[in-house]
Each structure stands twice: as structure tokens, then as C-alpha cells.
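Engineer: I'll drop the sequence and a predicted model, then ask my questions.
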Amino acid sequence: MTPIAAIDRRRRLLRGMLMAGLMAGMPLLGSCARPAADSRVLTLWTVGREGEAILMLLPDFERAHPDIHVKVQQLPLTAAHQKLLTAFAGGSTPDLTQLGNTWLPEMVALDALEPLQARVDRSAVVRLDDYFASIWATNVIDGRLYGVPWYVDTRLLFYRRDLLKAAGFDAPPRDWAQWRQMLAALSDARRHSWGILLPTNEFEQLMSLALQQPDPLLRDGGRYGNFESAGFKRALAFYVDTFRLHQAPAITNVETGNPWSEFGRGVYAFYLSGPWNIGEFRKRLPAAQQDDWSTAPLPGPDSGGTGIGSAGGSSLVIFRASKHKDAAWTLIEYLSQPTVQQRFYDLLGDMPPRRSSWEGGALRDDPKARAFREQLEKARPTPAVPEWERIATEMQLVAARAVAGELTIDQAAAEIDQRVDQILEKRRWVLDHPRPAAERAR
Amino acid sequence: MNAQRAAWLFLAPALLVLGVFFLVPVIAALVLSLTDYDLYALANIHNLRFVALQNYWALLQRPLFWSALGHTVYFVAVGVPLSMGASLGAALLLNSPLARCKPFFRTALFAPVVTTVVATAVIWRYLFNTKYGWMNYVLGGLGIHPVDWLGDPHWAMPTIIAFAVWKNFGYNMIIFLAGLQAIPPDLYEAARIDGASAWRQFRHITWPLLGPTMLMVGILTVSGYFQLFAEPYVMTEGGPLQSTTSVLYLMYDEGFKWWNLGSASAVAFLLFVIMFGVTVLMLKLSRRGHHADGEPA
């Protein structure tokens, strides 16, 4: 036999084997596909790290509901907003998604979400009175419920207990006056130590201070900005003064590098941040230092306002276009069970939105979580307008200019109001022109 | 007549592709830029208003647009000469008969072009970190105070320019190298016999013969640099104090972050008009320069 013929024969053999393999695989593939077509495949989108944790929670759900299969798609935080809007524009929304509660009004304005009140009324699991009121309120737009809170986020103080004690303070601050005093005592420009870290490109810190004020941030039903109110100016002045008095470095979060180890080294005595940092500090600081830090409710303008902060977090929502709304609701109910929420906290450190979830598991006796529990009762929702995130971004851009000394407090407040009124122009027009369909269709 | 029809027939596939994938979208974007298409219009098309040139007018009155344009022009005006200078310098070095290990250096200098922006930007962010970066460490060794490269509004853009120049000069270097190799060596030989110095050889042989290449590279680089986006997007997110927000970055924010597609399309057309103007100006200037050089000969 010539070598060429041998190769040829071998090739033919190989092809035959491949064909046989394919033939044998066909029915196998078919048998895989059939039950999937019958059972309901739910598509769930998650934003950020939640996607990894939920993969650990789903096997139990699928075991209890063999007819439902959940497909999880993880979106990175930076691309999620764009992807949700594009999906809506292209008519390819998932069945349900995790949705940050500042994005919820946007999706409601698009009429993309399924109202959920009727389902909640019938539910034995999701009980309104068990949820923190302000978190629940962020899901209610114009009196209708569109989402069920999944986890909550409020910003408060992480502080170095040992540094405060060394400076003569036995307890964390309750009001702004005490806070200012401690910031002054703990800042030392020569030793490169600062009272607090407030990244100048994050709006959550200033927003938390502003929400403590009696004045609302928008007026006339979200038609105009209300940033020239006495309350907002007070918050802005306190914020800007912290930088002017060299109690906080004027840096963005891109340049902070590793805030956790710097907090550990005493570069900052306070850090105004959210719940996920409990886990970060536990992981990143050495065991010997774990008793040196703690959390405290956000100090108020006066001692009555202690612990008022922003009500953030994410909800679970069902899209109107979904064909499996009942299955989607079953999944929401499963994820709302206190035991599941406790596991979720163990996996990720995302705090549960209902009180009964706090009564067991790791959260119940965790001293570092106590301040969050206290603050969640008093948290306040942000204005429920679709433009809110843009407004908060503009607010922070102007505030950063005030921090840099380019604007006074009054100028900055006026500038924010001017920009916000411009952003809200379309909203005013839409609200004030109840459209007679026939005329506008022309 | 018949030949003409045949010509159109041959052109038809290309015209069809151009029409569907270029002309129609451009016209659609132009129409979009005359409306206030936004989130509310996406929800209900009756919320769409025809606003004529108001988007353009509002943009021209917006300080952020002018500062973004200023940053972009700054980036182009400093970045393009630096980038072309670096490319030409590297090409001359590589083309020199004295150079050794040419393939190695050619690959090494071209490598930044083919690596992804995001990966290299992350490394540059570490290099230029205020506290831990090598850049400040080296400067510290020379007794210079640390510079807040990416955090200081005055230094952020120069850092971005340095990054962009490093990232892109290899591409033009290859084009210049090809241009240099196309210059007949007997010209240099003749010049050497006449006793011309290296500088005079460069000035009177290399420079004029490289003219057309230079023009093409110039136009490509200018139009590329006007579209500054990825570098600030990854390194500074447009900050600090929006000092690295370019026109394209503004468009991205308007269109994809805030979904004001009408206003974003207006930004795109304004940028197009500006780039078109600059390119025409460059072509005109180069033609005039060419005549002035060409006439006496």
C-alpha cells in the first residue's frame, strides 16, 4: 500500500467515525432540547457582583421548581444602564432583572415594567409591613408598585475607634458639630493624615448630607431643582468646608488607590461609604486591627437627625414584555424569603431589605452591621424622577468646582439649580401637556 | 451609452452597500439631530418634538461643549506634532544603516499599537499613580516633588497625551519607514559626493520627498486624534473637573449615558464639520507649500 493511499484510508475512516458520532449524538441532543422547550426558561439580568452570588442560590430554587430553569446574565455595572435601555429600544428585555432604585423611575417612564401590587397582595412571602418603609417607597411611582426590594444600601460612617479614643473621643459623632470637632482633631496635614475620605467624583456623600435636610431636593412635583434652599446650602457648605479646612483630600476615587489599607494605616479616620465595605475591611485589614474599626450612623445636622441617610439599593422587577410573569414572580418570592436573604448576605454582604431577615443568621449579632440596621429605619428615598442620576451627577460636578474654590456656596447652588432646570425641561413639557392623542398624532 | 450602463452596474453593489450602511444612517442621524429624541420619546413617540437647530444652538451656548472642544483641540495641537515627531524620529533611526537588530526594534516599537487600550491604560494608571507610581518615584530620585498626574486638572491632559503618543506612534512609524525606503539611495550618494552634511541631506532630500507621506499621515492622525475617547474613558473617566472630557466623550455621555440621542447627534455633526474644516485647511496649506517649493525647480 502506498503511503498516500494509507492517508486516504485513514481520512475516510475518520470521516466515518465523525459521522457516526454525529448520528449517535442527534437523538441525545433532541432529548436535551425537548424538556427545555416545555419548561419555562427565565432570563434574569444581574448588575455587578450579585450575579455570582445568585448562581449559588439558584440550585435550591430549581430543585423546588423543576419546571423553571433560570438563565442568569451578568452585566457589568458600567454597561448595565446602557444595555437596559438598548434592550428596551430593541424589544429584547429579559423576564426579570435586578434594577438599581435610581434607575427604576426611568424604566417606569418607559412603561417597561409590570405593576406588582396585585401579586404582593396575594403573596404569603412578600409582606409590605416587614420591609423598611423608605426602601419600599422607592419602588412606588405615582402610587403604583413596580419592584420588590432585593437588597439595600445606605451610606454611613466607618471610623477608627482607636484613633478617636486617642484623640479623646469615646463615641462616634451624633451631630455635625461633634463631627467637625473630631475631624479637626484627627487631621494633620504635616503627617499626611486626614479626617475623612470623600472622593470628589462620587455624589452619594453630598447627597446623603442633603437628604438629611428638611427641604426636598426638587420642587413642584419634580419640575424644578430646589438646590438654592437653605437646607441644601447648609449641606453643601458643610461638605465644602471639610475640604477647605484640609480635613479631607480633594481627590477622586480613581486616585484613592487602596482606601482600605490607607484607612488601616490611619491616613483617614472616617470613611463615608456603604455596606459592602464591612466585608472589604474584614478581608483586607489584619486580624489584630479588627477591633479598631467600627461603623456609626451618619451624624445629623443636629442630634435629632442622626442616622438619616439615603435609601439606595436594588430591586427585582418584571418586564411587561415577559411571557413568564408567574414564574418570574415565583423567583422573586424565593429570593425574598428571609432565609435566602440571609444566605445572600453571607455570600456577598448585601443587606436584606426586610426586618425579619435581620433577626437571624450572621446579621443578628454583628456589631458592625448594627449602625446600618439603625439607619435603615430612618433612610430617605431620592426624588423619583427618571432624570435623577443625571441631576446628582451635575450636582457633584458643580460641588467639585466649589471644592476647588472656583465657586462660592451661593454660586454653586444657583448653578446647580440652573443646570437641573434645564435637564427637567422635557419633563415639565411632558407633564404639562397631557396629550390629546389625535392632535399630536398629526 | 452601453459602456456607461455597464459602469453603473459594476458600481451598483458598492453604492448599495455605501447607501445602506453609510448614507442612510448619516441622514437618519441628521434628522435625529433636529429633534429632541430622548427617554420620553423612546417611551412614546408622541413625546418627540421637532426642534430645528435648537440642539445646535443649545450646544453652542453650553460651556461644557466649548471646554470639551478646547480639550480636544489641545489634545490635537500638542498630540499630533509630538506623535508625528516620535514616528519620524523612530523611522529615521530604524532606517539608518547603522541600526542593528532592526526586526526586533520594529516589532517592539509597533507593539503598543496592537495591544488593547484598556490593558495598557491600566498599567499607565499604575505608573502615574501619585503615591505608588514609578513616574513619581523616578522624579523623587531627581529631587522633584511628586506630581498628581491623573488627579490634577492641569496634568491630566498632558498625561493622556503622553499615553496616546506612546500608544500610536508605532503605526505612523511603519508608514514613514515605507516612505523612507522609497527614496532612491543614489540621491543621498550624490549629495554625499557634493559634501552635504547629514542635516542638509535630511532637509533637502528626505523632507521634500517625504512630503506626500507626511500629508497623508498628518490628515489621518489629526482626524484620529479629534476622536479622542478611549484614553480618557479608561484613565480618568473624563475627570478631574472634566478636564479630559473630549467632544466625543461628551457625545457618549449625552447619547448613551443620558439617552439624549438628538443632542448627541448634534454633537457628532458639529465634530464632523470641525474635522472637515481642519482637513480642507490642511490640504489647502500643503498645496500652497508645495507650489512654493516646486516653482523654483
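Structural biologist: Ah, there it is.

Engineer: residues contacting the residue in the stretch 251-400 of chain A that chain B sits nearest to?
Structural biologist: Going by C-beta to the nearest C-beta, chain B is nearest to A:Glu255 of the stretch 251-400 of chain A, at 4.2 Å. The way it works is simple: take the backbone N, C-alpha and C, and place the C-beta from them, glycine included. Residues counted as contacts of A:Glu255 (C-beta atoms under 8 Å, 6 or more residues apart in numbering or on different chains) are B:Asn129, B:Thr130, B:Asp148, B:Leu150, B:Gly151.

Engineer: Can you lay out those residues as CSV showing distance to chain A, neighbour count and pLDDT?
Structural biologist: Shown next, in CSV, are these (distance: C-beta to the nearest C-beta, whole Å; neighbours: other C-beta atoms under 10 Å in any protein chain shown; pLDDT from 0 to 100):
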residue, distance to chain A, neighbour count, pLDDT
B:Asn129, 6, 21, 83
B:Thr130, 6, 19, 78
B:Asp148, 7, 20, 81
B:Leu150, 6, 26, 83
B:Gly151, 4, 24, 79
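
Engineer: so can I have a markdown table of the residues you listed showing secondary structure?
Structural biologist: Listed next are the contacts of A:Glu255 as a markdown table, based on DSSP: H, G, I helix; E, B strand; the rest coil:
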| residue | secondary structure |
| --- | --- |
| B:Asn129 | coil |
| B:Thr130 | coil |
| B:Asp148 | coil |
| B:Leu150 | coil |
| B:Gly151 | coil |
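
Engineer: ok, these vs B:Tyr225, which is closest?
Structural biologist: Nearest to B:Tyr225 among the contacts of A:Glu255: B:Leu150, at 19.5 Å, using C-beta to C-beta.

Engineer: phi, psi of that closest one?
Structural biologist: The phi/psi pair for B:Leu150 (degrees, to the nearest 10) reads phi -100, psi 0.

Engineer: That one contacts B:Lys131, correct?
Structural biologist: No: counting by C-beta atoms under 8 Å, B:Leu150 stays clear of B:Lys131, with 11.9 Å between them.

Engineer: Any idea how many residues pack against B:Lys102?
Structural biologist: When neighbours are counted by other C-beta atoms under 10 Å in any protein chain shown, B:Lys102 registers 13.

Engineer: what does A:Gln117 give?
Structural biologist: Residues near A:Gln117, counting by other C-beta under 10 Å: 13.

Engineer: show me what contacts it?
Structural biologist: With contact set as C-beta under 8 Å, 6+ apart, A:Gln117 has these partners: A:Arg144, A:Leu145.

Engineer: mind checking how far it is from A:Ser123?
Structural biologist: Distance from A:Gln117 to A:Ser123, counting by C-beta to C-beta, to the nearest Å: 11 Å.

Engineer: Could you do A:Asp162 as well?
Structural biologist: Taking C-beta to C-beta, one finds A:Asp162 at 47 Å from A:Ser123.

Engineer: Please apply the same query to A:Glu389.
Structural biologist: 30 Å.

Engineer: With B:Lys257 instead?
Structural biologist: 36 Å.

Engineer: would you list every one of the helices in the stretch 151-300 of chain A?
Structural biologist: A:161-166, A:176-186, A:204-211, A:230-244, A:259-264, A:276-284 (DSSP state H, counting those that start in this stretch).

Engineer: helices or strands up against the fifth one?
Structural biologist: Counting contacts by 3 or more C-beta pairs under 8 Å, 6 or more residues apart in numbering or on different chains; DSSP states H and E, helix A:259-264 is packed against strand A:194-197, strand A:268-273, helix A:276-284.

Engineer: any residues in contact with both of B:Leu150 and B:Lys131?
Structural biologist: By C-beta under 8 Å, 6+ apart, no residue touches both B:Leu150 and B:Lys131.

Engineer: Flag every buried residue along stretch B:259-272.
Structural biologist: Using 16 or more other C-beta atoms under 10 Å in any protein chain shown as the test for burial, stretch B:259-272 gives B:259-271.

Engineer: Kindly apply the preceding question to stretch B:184-192 instead.
Structural biologist: By 16+ other C-beta under 10 Å, the buried positions in stretch B:184-192 come out as B:Tyr188, B:Ala191.

Engineer: What of stretch A:174-190?
Structural biologist: Going by 16+ other C-beta under 10 Å, stretch A:174-190 has these buried residues: A:Arg174, A:Trp176, A:Gln178, A:Trp179, A:Arg180, A:Met182, A:Leu183, A:Ala185, A:Leu186, A:Ser187.

Engineer: Grab the CA positions of stretch A:333-342 and hand them over as CSV.
Structural biologist: Extracted as CSV, the C-alpha positions of stretch A:333-342 are listed here (Å, rounded to 0.1, in the frame of the first residue of the first chain):
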residue,chain,number,x,y,z
GLU,A,333,-40.7,35.3,46.2
TYR,A,334,-38.0,32.8,46.6
LEU,A,335,-35.3,35.5,46.7
SER,A,336,-37.4,37.4,49.2
GLN,A,337,-37.5,34.7,51.8
PRO,A,338,-35.6,35.7,54.9
THR,A,339,-33.5,32.5,55.0
VAL,A,340,-32.5,33.1,51.4
GLN,A,341,-31.7,36.7,52.1
GLN,A,342,-29.5,35.7,55.0
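
Engineer: Check which residues of that stretch are buried.
Structural biologist: A:Glu333, A:Tyr334, A:Leu335, A:Ser336, A:Gln337, A:Pro338, A:Val340, A:Gln341, A:Gln342.

Engineer: Next up, the contacts around residue 220.
Structural biologist: Just going to use chain A. With C-beta under 8 Å, 6+ apart, A:Asp220 has no contacts at all.

Engineer: Chain B, not that one
Structural biologist: B:Leu220 neighbours (C-beta under 8 Å, 6+ apart): B:Asn172.

Engineer: So between A:Glu389 and A:Ser123, which is more surrounded?
Structural biologist: Of the pair A:Glu389 and A:Ser123, A:Glu389 is the one with more neighbours under other C-beta under 10 Å, namely 19 against 16.

Engineer: which ones are touching the spatially closest residue to A:Pro275 that is not a sequence neighbour?
Structural biologist: With sequence-adjacent residues excluded and distances taken as C-beta to C-beta, 6 or more residues apart in numbering or on different chains, A:Pro275 is closest to A:Met351, at 4.8 Å. Residues near A:Met351 by C-beta under 8 Å, 6+ apart: A:Tyr151, A:Val152, A:Asp153, A:Pro275, A:Gly313, A:Tyr345, A:Leu363, A:Ala369, A:Phe372, A:Leu376.

Engineer: Now for the last one, how many residues are close by?
Structural biologist: A:Leu376 is surrounded by 28 other residues when neighbours are defined as other C-beta under 10 Å.

Engineer: Equivalent analysis for the first one, please.
Structural biologist: Each residue near A:Tyr151 was counted by other C-beta under 10 Å, and the total is 26.
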